[in-house]
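Show me how the following folds:
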Amino acid sequence: MANPMLNDKSLEKASTWGPGSAASADTMTQWPPPGMERPVGLDGESRGMTMRGTAWATSVLMALLLLSAAFGWVQTGSPTTSLNSAGQPVVNYTIPMLAWVGVGVGFICVIGLYFKPRMAKVIGPIYALAQGFFVGAISKMYESFQGGIVVQAIGATLAVFLVMLFLYGFRIIKVTDKFRRTVIFATLGIMVFYGVSFIISLFAGAGSVSFLSSSTPLSIGFSVIVAGIAAMNLALDFDFIERGEKMGLDRDFEWYGAFGLLVTIIWLYLELLRLLSKLRN
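Alright, predicted model coming up:
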C-alpha cells in the first residue's frame, strides 16, 4: 500500500529537528529555514538530503527487495491437483507462511517509520527484505497459472514509473495542495476498503469478496482506478524528495524518501499484476 505519511506534515516536522531538538541526534547538523543553504558538518561536507543520494538509497532497497523476492519465488511450490468429495479435480496452491509473516513485518515497519522517520536507514532494508519475500511468492503464484504475466507486470511498472517521472519532471503534472490532498484521501480510502474486505474474507470466506479477483468489467475498472491512484502516489514521492532537498533536510531523510518510493512501487506492481490477470481471464 502507498504512503500518505510523505506529506507537508512530515516535512514540517522534519525541518524542526535541529540542534537542541529532542528529535535530533546529530549535534553537527544545522537546520536552515527553507530557501537557505543546506546543513553542513564540521568538515564542511554537505550533510543535506539530495535527489542523487535518495536515488542511491532507493537502488539499495530495490536490490534487497529483488534478492528477497528471488528467495520467495524459489521457496514457493507449484500448484497441485486433488479430488474433492464429488470426485472433481481441485487445484490447490499454498503461499509459504513466511510470506504472510513478511506482510506483518512490513506493516509494522510502516507504522514504526511514521513515528521514527530517522530510523529509515535501518527500517527500510528490513521492510525491503520482508516485503520482497511476499512479492516473490505472490509473483510465483500468478506465473504458475498465467505464464509470462510477471515479466509483463514488471515491464508495465517500469513504464508507468518512467512516464510519471517524465510528467513530473517537465511539470506536466503539478503537485499542488489540492492534488496532494486528493491523492492522499483516495489512497486512505483504498486502504480502508482493502482492510474491510480482508476482515470479511476471514469470517465469510474468500468467495465473499470475489469482486476483487473477478474479471467483470466493474472489477477491471476498479483495478484501473486503483493502479492510477498508485501511479499518482509516485508524483507525491517525487515531490517529497525534491522539496526535502530544497529545505535542506538531514541526509537520513534520503532513506525516508527511498522507503516511501519503494512502498509505492511495490503497490503499483501488485495492482498491475492483478489487473493483467483480470484482463487475461
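
For the rest of this, base every contact and every neighbour count on C-alpha atoms.
Noted.

Sort out which residues of the longest helix along the chain are buried, please.
For the chain, the helix with the greatest residue count under DSSP state H is helix 217-247. For helix 217-247, a neighbour-count test (16 or more other C-alpha atoms under 10 Å) marks 219-220, 223-224, 226-227, 229-247 as buried.

for it, the distance to its chain's centre please.
10 Å (C-alpha atoms, centre = their mean, to the nearest Å).

try stretch 141-160
That offset, for stretch 141-160, works out to 17 Å (C-alpha atoms, centre = their mean).

ok so, going back, and the longest helix of the chain, what does it pack onto?
Applying 3 or more C-alpha pairs under 8 Å, 6 or more residues apart in numbering; DSSP states H and E, we find helix 217-247 packed against helix 8-15, helix 51-75, helix 149-169, helix 177-204, helix 253-280.

In a markdown table: those, plus distance to residue 210.
Output for those, formatted as a markdown table (distance: least, C-alpha to C-alpha, whole Å):
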| stretch | distance to residue 210 |
| --- | --- |
| helix 8-15 | 37 |
| helix 51-75 | 25 |
| helix 149-169 | 21 |
| helix 177-204 | 9 |
| helix 253-280 | 12 |
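
Could you point out which of these sits nearest residue 100?
helix 51-75 (11.2 Å; C-alpha to C-alpha).

which residues are in contact with that closest one?
96, 99, 124-125, 128-137, 139-140, 241-242, 245, 251, 254-255, 257-259, 261-262 (C-alpha atoms under 8 Å, 6 or more residues apart in numbering).

okay, the angle between it and helix 217-247?
140 degrees (axes from the mean of the first three to the mean of the last three C-alpha atoms, to 10 degrees).

Identify each buried residue in helix 51-75, please.
51, 53-55, 57-58, 60-73, 75.

Kindly report the same for stretch 195-208.
Those would be 197-198, for stretch 195-208 by 16+ other C-alpha under 10 Å.

Just the mean pLDDT for that stretch, thanks.
Stretch 195-208 shows a mean pLDDT of 79 in the predicted model.

Other residues contacting it?
By C-alpha under 8 Å, 6+ apart, the residues outside stretch 195-208 that reach it are residue 209.

Can I get that stretch as PDB, trimmed to CA atoms?
Only the C-alpha atoms of stretch 195-208 are listed here, as PDB (Å, rounded to 0.1, in the frame of the first residue of the first chain):
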ATOM      1  CA  GLY A 195      -8.800  -3.800   5.100                       C
ATOM      2  CA  VAL A 196     -12.600  -4.200   5.500                       C
ATOM      3  CA  SER A 197     -12.600  -6.700   2.600                       C
ATOM      4  CA  PHE A 198      -9.800  -8.700   4.300                       C
ATOM      5  CA  ILE A 199     -11.700  -8.900   7.500                       C
ATOM      6  CA  ILE A 200     -14.900 -10.000   5.700                       C
ATOM      7  CA  SER A 201     -13.000 -12.700   3.900                       C
ATOM      8  CA  LEU A 202     -11.600 -14.100   7.200                       C
ATOM      9  CA  PHE A 203     -15.100 -14.700   8.600                       C
ATOM     10  CA  ALA A 204     -17.200 -15.300   5.400                       C
ATOM     11  CA  GLY A 205     -14.600 -16.900   3.200                       C
ATOM     12  CA  ALA A 206     -12.700 -15.700   0.100                       C
ATOM     13  CA  GLY A 207     -15.700 -16.100  -2.100                       C
ATOM     14  CA  SER A 208     -17.500 -13.300  -0.200                       C
END
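
Give me the nearest residue to residue 186, chain neighbours excluded.
Nearest non-adjacent residue to residue 186, counting by C-alpha to C-alpha, 6 or more residues apart in numbering: residue 229, 7.3 Å away.

Quickly note the distance from the one you found to residue 187.
For residue 229, the distance to residue 187 (C-alpha to C-alpha, to the nearest Å) stands at 7 Å.

Can you pull the residues that touch both of those two?
Common contact partners of residue 229 and residue 187 (C-alpha under 8 Å, 6+ apart): none.

so where's the protein uncertain?
1-46, 82-87, 90, 205-208 (pLDDT under 70).

Please repeat the previous calculation with a cut-off of 90.
Applying pLDDT under 90 to the chain flags residues 1-48, 77-95, 114-118, 195, 197-215, 248-250, 252, 281.

Which of the helices or strands spans residue 91?
Residue 91 is part of strand 89-92 when elements are defined by DSSP states H and E.

cool, and residue 123?
Using DSSP H and E, the element containing residue 123 is helix 120-145.
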